[in-house]
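In: After the sequence you'll find the predicted model.
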Amino acid sequence: MEEQLQDEMLTPEDRDFVTALASGLEVILAFDESHPRMTLSEVATRTGMNRAKARRFLLTLHALGYVRKQQRYFELAPRVLQLGYSFLSANNYRSAIQQYLEEITNECGESSSLGVLDGDEVIYVARSAARHRLMAITLSIGTRLPAAYTSMGRVLLAQLPEAELDAYLARITLQRYTDKTFATKGELKKCIDKARQQGYAIADQELDSGLRSLAVPAFDANGKLLGAINISTNAARIDLDTLLKEYLPLLQSKARLIRTTISC
């Protein structure tokens with residue numbers, strides 16, 4: 001009889017935890033927009049590995065076609081995209097949600113995204129971008145932002161069981177991004193509790209000055225949480241009253257459409 005897989009998440013101390021696989025993925029994730037090309041020493045520093053260990057993983061990834069080597073430098077190869085494509089293919093409902101995000105942008109002229117919780121961050125998995133730029137960084141599919149300071153993050157954190165939320169609050173370290181960023185975990189907990197009670201969350205210039213966003217959770221027809229959808233605006237153009245009276249009903253209507261048209 002096939003051994004049943006356990007529901008609990010493994011820790012690095014468990015015997016079934018494959019450390020080599022985890023380390024290989026860590027090396028891949030060390031490359032990002034700020035570090036597209038790195039030397040062996042830089043990869044070792046970014047991952048916290050010693051040079052010998054980092055070298056073995058880089059050479060293995062190179063042999064498998066996931067990393068390219070140019071003299072002293074390593075960079076990700078296009079084959080890495082297959083990993084992300086596998087995720088998108090296995091979750092093809094995102095193409096349907098993409099249409100709803102584009103409808104939101106067409107109706108209100110603002111950017112709209114779908115995000116999912118990944119650890120302590122929100123990762124963008126679908127996006128309809130407006131013409132105007134909102135943040136100093138470029139937001140696109142695959143962008144990761146700290147969940148604590150985003151409307152999507154708070155909506156998704158509000159869906160966690162209380163024990164998981166408590167564990168999250170215990171392990172994170174707060175960072176002040178703007179003069180509107182809250183200073184204590186108690187304030188964050190109140191924001192998350194409020195999002196749970198009212199069914200939506202607003203992040204008002206807490207991550208980036210001028211960025212104001214609104215998010216609601218998105219469920220499928222079976223009640224499965226798919227992620228959160230948001231509208232991101234410029235605080236100088238869109239006031240909170242408009243956000244609540246015009247944009248919130250728009251988001252909520254699209255969330256209802258997702259729930260009635262998508263079944264996973």
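Out: Cool, got the structure.
In: By mean pLDDT, which helix or strand of this structure comes out lowest?
Out: helix 81-90 (a mean of 66; mean pLDDT, DSSP states H and E).
In: right, and the helix or strand after that helix?
Out: Downstream of helix 81-90, the first helix or strand assigned by DSSP states H and E is helix 93-108.
In: Output that next one in CSV with nothing but the alpha carbons.
Out: What follows is helix 93-108, C-alpha atoms only, in CSV (Å, rounded to 0.1, in the frame of the first residue of the first chain):
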residue,chain,number,x,y,z
TYR,A,93,-7.9,29.2,-13.6
ARG,A,94,-5.5,32.2,-13.6
SER,A,95,-6.2,32.8,-17.3
ALA,A,96,-9.9,33.3,-16.4
ILE,A,97,-9.0,35.6,-13.5
GLN,A,98,-6.7,37.6,-15.8
GLN,A,99,-9.7,38.5,-17.8
TYR,A,100,-11.5,39.9,-14.7
LEU,A,101,-8.4,41.9,-13.8
GLU,A,102,-8.3,43.4,-17.2
GLU,A,103,-12.0,44.3,-16.9
ILE,A,104,-11.2,46.1,-13.6
THR,A,105,-8.5,48.1,-15.3
ASN,A,106,-10.7,49.0,-18.2
GLU,A,107,-13.5,50.1,-15.9
CYS,A,108,-11.6,52.2,-13.4
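In: mean confidence score for that helix?
Out: The pLDDT scores in helix 93-108 average 89.
In: same check, this time on stretch 190-197
Out: Stretch 190-197 comes out at a mean pLDDT of 96.
In: Stretch 61-74 too?
Out: Mean predicted lDDT for stretch 61-74 stands at 93.
In: Can you tell me what sits against that stretch?
Out: Here stretch 61-74 makes contact (CB atoms under 8 Å, 6 or more residues apart in numbering) with 24, 27-28, 37-40, 43, 58, 75-77, 79-80. C-betas here are computed from N, CA, C, even on glycine.
In: May I ask which of these has the most neighbours?
Out: Greatest neighbour count in those, by other CB atoms under 10 Å, goes to Val27: 25 neighbours.
In: So it is in contact with Thr47, correct?
Out: Yes - counting by CB atoms under 8 Å, Thr47 is a contact partner of Val27 at 5.9 Å.
In: Quickly list what's touching both of those two.
Out: Residues touching both Val27 and Thr47 (CB under 8 Å, 6+ apart) are Ala54.
In: Contacts for stretch 124-143 next, please.
Out: Identification of contacts with stretch 124-143 by CB under 8 Å, 6+ apart yields 33, 84, 88, 91, 94, 97-98, 101-102, 104-105, 109-116, 123, 144-145, 207-208, 210-211, 227, 232-234.
In: now Tyr168: how far from Arg176?
Out: As for Tyr168, its distance to Arg176 is 19 Å (criterion: CB to CB, to the nearest Å).
In: With Leu240 instead?
Out: 22 Å.
In: hmm, back to that, of the contacts of stretch 61-74, which is the nearest to Arg196?
Out: Ile28 (34.5 Å; CB to CB).
In: doesn't that closest one fall inside a strand?
Out: No - under DSSP: H, G, I helix; E, B strand; the rest coil, Ile28 sits outside any strand and is assigned helix.
In: Now do the contacts for it.
Out: By CB under 8 Å, 6+ apart, the residues touching Ile28 are Leu61, Tyr66, Val67, Leu76, Val80, Leu83.
In: now do Lys180
Out: Lys180 sits in contact with Asp204, Gln205, Glu206, Ser209, where contact means CB under 8 Å, 6+ apart.
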